[in-house]
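[1] Quick one, fold the following:
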Amino acid sequence: MGLLRVENLSLSYDSAEGKVKALNGVTFELGEGQALGLVGESGSGKSSIALSLFRMLPANSNLYQGSIIFDGQDLIALSDEQFRKDLRWSKISMVFQGAMNALNPVMRIGDQIGETLIGSKRLPKASVPQRVQDMLGIVGLSKQSINRYPHELSGGMKQRVLIAMALVEYPKMIILDEPTSSLDVSIQAQIINLLKDLKKEFGITLIFITHDIALASDICDLLAVVYAGTIVEIGTLEEVLAAPHHPYTTGLLESHPRLHSNSRPTFIPGTPVNLIDQVSGCPFQDRCIYSSFRCSSTPPIVKIGVHHSTRCWLY
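    Just a heads-up that it's a prediction; the model follows:
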């Protein structure tokens, strides 16, 4: 059994327009030391998966059910207090989207990194400053950063601070929600190389959320394609990139420019399904060129290979 097993995870939010069904039967498994990439359009449910795993659901969340087994524990069965005390930051940590918004602008960097340790009391208070320095060194920041405020750091440095905060208790798994979205290409490469080094050195399991399949391919072992709150295809990186089976996956890949090809990028027609509406059958059917009468009923999960599966009536 892997470190993480998610089965039939469902999540919905209350809104002024109605109930938003953010996740619908999400299922996947992740082994220790592996990196899983979650890719898909905005609003597909990637961040909702992350917030479900980290138990940081907004106040308007309505339905939260299924099974999340992490290191032998059912996370959904735990109380909020149990999860906070036993798992959050110590075993599962998260790098949130938008470094500037995730950092407190009136607190020094060193205090923010050490805050979790002081609150959890898992490390003697006298040892916290040294641990903070160690974390800064691991992510490639100088000791002088301890006394700086967020506005004194560049975007890449702030992102490294968030990674240091996520690492400070040496968790087994880190969830990264668009960790490079606001950075330029050269800084993106530095952050990705840092994450690869951390994965190799500490054996940390990663869940990497991104719009960019090319970026995910540089760090991930497994790739999961998310559409309308459902994983429509999942497999090893090589399986999904070299032999995509779901039409949505194919559309995402064909929307990227190719280095050694004269073909132009194409786009997926239509718009993502409204998750407030009651969707019957395959949620991609209105945008799919292969849509048929069978698509009016929900497609099952079809095994393509040992690690490769898809939700599509074509197979």
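[2] can you pull out the helices in this structure?
    46-54, 80-86, 99-102, 109-120, 128-138, 155-167, 185-202, 213-217, 237-242, 247-254 (DSSP state H).
[3] Which parts of the longest one count as buried, going by neighbours?
    Neighbour-count burial for helix 185-202, with 16 or more other CB atoms under 10 Å as criterion, is recorded at I187, Q188, I191, I192, L194, L195, L198, K199. From N, CA and C alone the C-beta is placed, and that goes for glycine too.
[4] got the angle for that helix vs helix 128-138?
    Calculated by axes from the mean of the first three to the mean of the last three CA atoms, to 10 degrees, helix 185-202 forms an angle of 120 degrees with helix 128-138.
[5] what does helix 185-202 contact?
    Applying CB atoms under 8 Å, 6 or more residues apart in numbering, the external contacts of helix 185-202 come out as 33, 35, 138-140, 154-156, 159-160, 163, 167, 170, 176, 179-180, 183, 204, 206, 208, 215, 218-219.
[6] Comparing the helices of the chain, which yields the minimum mean pLDDT?
    Here the lowest mean pLDDT among the helices of the chain goes to helix 99-102, at a mean of 76.
[7] So for this structure, the centremost residue is which one?
    I209 (3.5 Å; CA atoms, centre = their mean).
[8] Quick check: bridge partners of it?
    For I209, the beta-bridge partners under DSSP bridges are L38, D177.
[9] That one reaches D177, doesn't it?
    Yes - I209 is within contact range of D177, at 4.8 Å (criterion: CB atoms under 8 Å).
[10] Please enumerate the shared neighbours of those two.
    K46, S47, A50.
[11] Pick the one among those residues closest to G119.
    Checking the shared contacts of I209 and D177 against G119 with CB to CB, the nearest one is A50 at 21.7 Å.
[12] Contact partners for the closest one?
    Contacts here follow CB under 8 Å, 6+ apart; on that basis A50 touches L38, M94, I175, D177, I207, I209.
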